[in-house]
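# below is the sequence, then the predicted model.
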Amino acid sequence: MDGKKLAIIATKGSLDWAYPPFILASTAAALGYETEIFFTFYGLEVLKKKLNLQVTSLGNPAMPMPMPIPVIMQTLPGMQAMMSSMMKKTMKKKGVASVEELRDLCIEAEVRMVACQMTVDLFEFDTKDFIDEVEYGGAATFFEFAGQSDICLYI
């Protein structure tokens, strides 16, 4: 393909950080960009067949909350699960696609998804836990594509 190219590095595996790479990649693919996402470190979590992505307000003071909750209370057991559940319900209510739906959209749009082999080995991940559409490669694999891309994003 001689058109424009978008390369994305995805490093985060939380619910809120799973959205940007898939939204940007699916949009770029719809606009005709050849698109690749390189998932490394915690970004590999969003490639798992069974997702249990969480969100936390700790370290994220910009997270909108329905009511102010003191930081000490945010550290209590169960708060992260509760906040994740609330976020998922709000997104569903507002008609926001799920991470799985966005990921499927990327697959349909032929977005290339590459899992960092070094990270897979480092954390001893079982590749059977990842979706079938994932390719595996290292930084050199990413640079082959990124070196020719028009846009390169780090998320």
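Looks like it arrived, so ask away. Residues are numbered from 1 along each chain as shown.
# so where's this structure uncertain?
1-2, 59, 67 (pLDDT under 70).
# distance between stretch 111-128 and the chain's centre?
Distance of stretch 111-128 from the chain centroid (C-alpha atoms, centre = their mean, to the nearest Å) equals 14 Å.
# quick one: residues contacting the residue nearest the centre of the chain.
For the chain, the residue nearest the mean C-alpha position is residue 18 (3.0 Å; C-alpha atoms, centre = their mean). Going by C-beta atoms under 8 Å, 6 or more residues apart in numbering, residue 18 touches 12, 45-46, 51, 53, 99. C-beta: built from backbone N, CA, C; applies to glycine.
# with residue 145 instead?
Going by C-beta under 8 Å, 6+ apart, the list of residues near residue 145 reads 5, 7, 36, 112.
# okay, the first one and residue 155: tell me how far apart.
Pointing back at residue 5 there. Plainly put, residue 5 is 17 Å away from residue 155 if you go by C-beta to C-beta, to the nearest Å.
# between those two, which one's more packed in?
For residue 5 versus residue 155, neighbours defined as other C-beta atoms under 10 Å are more numerous around residue 5 (19 against 16).
# which one is the more buried one nearest to, not counting chain neighbours?
Leaving aside its chain neighbours, residue 5 sits nearest to residue 149 (4.1 Å; criterion: C-beta to C-beta, 6 or more residues apart in numbering).
# then residue 20?
residue 155 (4.9 Å).
# and that neighbour, what does it touch?
Contacts of residue 155 (C-beta under 8 Å, 6+ apart): 8-12, 17, 20-21, 24, 43.
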